[in-house]
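J.: fold the following and give me the result.
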Amino acid sequence: MKEQRLKVLLVASTNPGGQWIQSVKTAESLKKLGVTVEHRVSDWNVPKGVDLVHAFSSACLPAVKVAKKRGVPVVVSPIFWPKTDYFRQFVQETFLTLWERAVIKLRHSVLGKMRLDRTFYSRGIGALAHTQIEQARECFSLADFLLPNGESEMEMVKKVSL
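T.: You can find the predicted model right below:
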C-alpha cells in the first residue's frame, strides 16, 4: 500500500517580493520533508485533494475564503504592516501604489497643505487604510493558524484583530 503524502498549496499575491521569497523558501523546506507542494501567485483556485492552504499575506484572502468553503485548513503568514504607518511617515514608498505615493507627495507639498483639507485626506488615505485593515482582520479570523515573522508583527496582528 502506497503512503499518501500531505499536499500543501502555497499562495502568494506578488512575485517578486518578500512574500514570494518567503513562500519559495517554505516550499523548498516542505519538499525536503517529503510534502507535495503546489505553489501559486495570485491564483485563488484551491484544487481538490489539497490538505492545507498556506497563504502569504492577507492579500490572499480570496484563496483563504475558497479553502474555508471547502473545509480545507488554512495557515496564514500575515506579512502585515499597515500602510497607515507609511502614510504618516512617508517612508518605504516601494510598498505603496503609484496613486498612494501621489496623494502623499501632494499632501506633503506646499500646495497640498494649502489645498487638501482633513476631509479629503481622511477619506482618501483613511479609506485605503481601513480597507487594508478590514481585509487583514477577515483573513486572520478565517485562518486556523497564524505564523507571524516576529513579535512586532504579532503585536500588529493582535492590534487589528481585536
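
J.: nearest residue to the middle of the chain?
T.: Centroid-nearest residue in the chain, with CA atoms, centre = their mean: S57, separated by 2.2 Å.

J.: now do the helices in the chain.
T.: If DSSP state H is used as the criterion, the helices of the chain fall at 18-32, 61-69, 83-89, 98-108, 110-115, 118-142, 151-161.

J.: list the buried residues in the first one.
T.: Same thing as helix 18-32. Q19, W20, Q22, S23, V24, T26, A27, L30 (16 or more other CB atoms under 10 Å). Every residue, glycine included, has its C-beta placed from N, CA and C.

J.: residues contacting the residue nearest to the centre of the chain?
T.: When the contact criterion is CB atoms under 8 Å, 6 or more residues apart in numbering, the partners of S57 are A12, S13, Q19, V76, S77, P78, I79, F80.

J.: also H54?
T.: When contacts are counted by CB under 8 Å, 6+ apart, H54 touches V8, L9, L10, V11, S23, T26, V74, V75, V76, S77.

J.: and stretch 140-148, how far apart are its ends?
T.: Taking CA to CA, to the nearest Å, stretch 140-148 runs 11 Å from one end to the other.

J.: ok, K69 - how many residues close by?
T.: Applying other CB atoms under 10 Å, we find 9 residues neighbouring K69.

J.: scratch that, E3 is what I was asking about
T.: Taking other CB under 10 Å as the criterion, the count of residues near E3 is 5.

J.: which residues sit against stretch 29-41?
T.: Counting by CB under 8 Å, 6+ apart, residues outside stretch 29-41 touching it are 5-15, 20, 23-24, 27, 47, 50, 63.

J.: mind redoing it with 6 Å?
T.: Stretch 29-41 is touched from outside by R5, L6, K7, V8, L9, L10, V11, A12, N15, A27, with contacts defined as CB atoms under 6 Å, 6 or more residues apart in numbering.

J.: tell me, what's the model's pLDDT at the residue nearest to the centre of the chain?
T.: Note on S57: pLDDT of 92.

J.: ok, the spatially closest residue to V66 that is not a sequence neighbour - contacts?
T.: In space, and not counting its chain neighbours, V66 is closest to V46: 4.6 Å by CB to CB, 6 or more residues apart in numbering. By CB under 6 Å, 6+ apart, V46 lies in contact with V53, V66, A67.

J.: which one of those residues is nearest E155?
T.: Here the nearest of those to E155, counting by CB to CB, is V53; it sits at 25.1 Å.
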